[in-house]
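got a structure for you, letters missing:
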């Protein structure tokens, strides 16, 4: 496709950027409790020394998501439809991955959302909160329209902002040390922490969902390109603020006191205990509410955005790539999307009760380690192809940044793949 055929630009509504857009949804969905813990641990181990890596990580996400959005606006085809043009192998990877990923992620998301709720209300079992979180997320996405979903996510982000930024301000960050952390350094043993901060924070399958949210928002022609870029940049700048604030908490409250955290999402419960000791029980509860908002926003974003991706996959993977159009991508209330919402909600409840089978987790780890490299490599190919009008193809600087992003994710993917196979 060399040119995008559409309505005369003068006949379209003049694009205007608004504070809340699809970018905020992608950013809020991608930054879950696990990402916040990873940043806390980096701060607790190295202070502000890795702040530069966290900043680079936000820049990498801006580049990737801008690529996803540019592809959709310039071609009118979803990212899955773009992958199809690269060969049927993309469907044979993406299909099993999205099914298995959803099964395991559903249990993870429900558990993560339940943890802070149980800390706030200890008398209620964790499983009850987990099941209730999944059902609530299903109901909100099943019955709500895109505008309603956007408003809920905005509230979640506002709660996160008050909790995380407020906690960082209370911790009285050391500004000179923070500025020093912007100078790239590699403390001993920090290489994979650097790669994790650069590639892991806010980086999931939901990055690829951005184009679907653009369509739901009604931003669907090249005329929206500048608006999309502002939306994406502002959203991931917000992610950067969260990351910096969590690094501040790790550096000021954990690094200086030599306090370690539990692994996984439970590390945020430890952070709540530290905050209670320092600032009292009220602020500890505020932080736990922020923990809940972070987890629940990720749950909602996946129930909505990844269901759109699955519906697109289901409707299109048997067609020839050249025959695919934007009309072939079903909406959030289509039967395939709702089937995937159910898949995210009910089968994973078995994992909450029975634990997680070793082989399933192994396969999940293997496929998951390949997704971000898959996204980066395929974007590098698609955004340089003749399917885009020349004005929307990558410039040399974009290629350099996207190539660096690809290398980072390939290294991270290989490391995660080795860890998944060896159990390390």
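It's in. These figures come from a predicted structure and were not determined experimentally.

show residues contacting the lowest-mean-pLDDT helix or strand in the chain.
Sorting the helices and strands of the chain by mean pLDDT, DSSP states H and E puts helix 191-200 at the bottom, at a mean of 72. Under the contact criterion C-beta atoms under 8 Å, 6 or more residues apart in numbering, helix 191-200 has outside partners 35, 38-39, 41-42, 45-46, 50, 53-54, 56-57, 60, 186, 243, 372, 408-409, 411-412, 415. All C-beta spots, glycine's among them, are computed from the backbone N, C-alpha and C.

so what's residue 163 closest to, chain neighbours aside?
Using C-beta to C-beta, 6 or more residues apart in numbering and skipping the chain neighbours, the partner closest in space to residue 163 is residue 290 (2.3 Å).

which residues touch the one you found?
Per C-beta under 8 Å, 6+ apart, neighbours of residue 290: 159, 160, 162, 163, 164, 167.

export these to TSV and tack on pLDDT, neighbour count and distance to residue 102?
Converted to TSV, the contacts of residue 290 look like this (pLDDT from 0 to 100; neighbours: other C-beta atoms under 10 Å; distance: C-beta to C-beta, whole Å):
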residue	pLDDT	neighbour count	distance to residue 102
159	95	19	26
160	93	24	24
162	94	15	31
163	95	24	28
164	92	25	28
167	94	26	32
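
closest to residue 207 out of those residues?
The closest of the contacts of residue 290 to residue 207 turns out to be residue 160 (C-beta to C-beta; 18.6 Å).

show me what contacts that closest one?
By C-beta under 8 Å, 6+ apart, residue 160 lies in contact with 28, 242, 290, 293, 294, 297.

show me where the protein has its strands.
For the chain, no strands are identified by DSSP state E.

in it, where's the longest helix?
helix 89-120 (DSSP state H).

can you give me the buried ones in that helix?
Buried residues in helix 89-120, counted by 16 or more other C-beta atoms under 10 Å: 90-91, 94, 97-98, 100-120.

one more: stretch 386-396?
Using 16+ other C-beta under 10 Å as the test for burial, stretch 386-396 gives 387, 388, 392, 393, 394.

quick one: the closest residue to the third one other than its chain neighbours from residue 59, how far?
Looking back up the chat, that one is residue 392. What sits nearest to residue 392 in space, not counting adjacent residues and going by C-beta to C-beta, 6+ apart, is residue 74, at 3.8 Å. According to C-beta to C-beta, to the nearest Å, residue 74 and residue 59 sit 22 Å apart.

looking only at neighbour counts, state which of those two leads.
Each of residue 74 and residue 59 has its neighbours counted (other C-beta atoms under 10 Å); residue 74 has more, 21 against 17.

count of neighbours near the residue lying closest to residue 255 once chain neighbours are set aside?
Nearest residue to residue 255 in three dimensions, chain neighbours excluded: residue 47, at 4.7 Å (C-beta to C-beta, 6+ apart). Residue 47 has 22 neighbours, counted by other C-beta under 10 Å.

related to what we said a few turns ago, now, of the contacts of helix 191-200, which are buried?
Buried among the contacts of helix 191-200 by 16+ other C-beta under 10 Å: 35, 38-39, 41-42, 45-46, 50, 53-54, 56-57, 60, 243, 372, 408-409, 411-412, 415.
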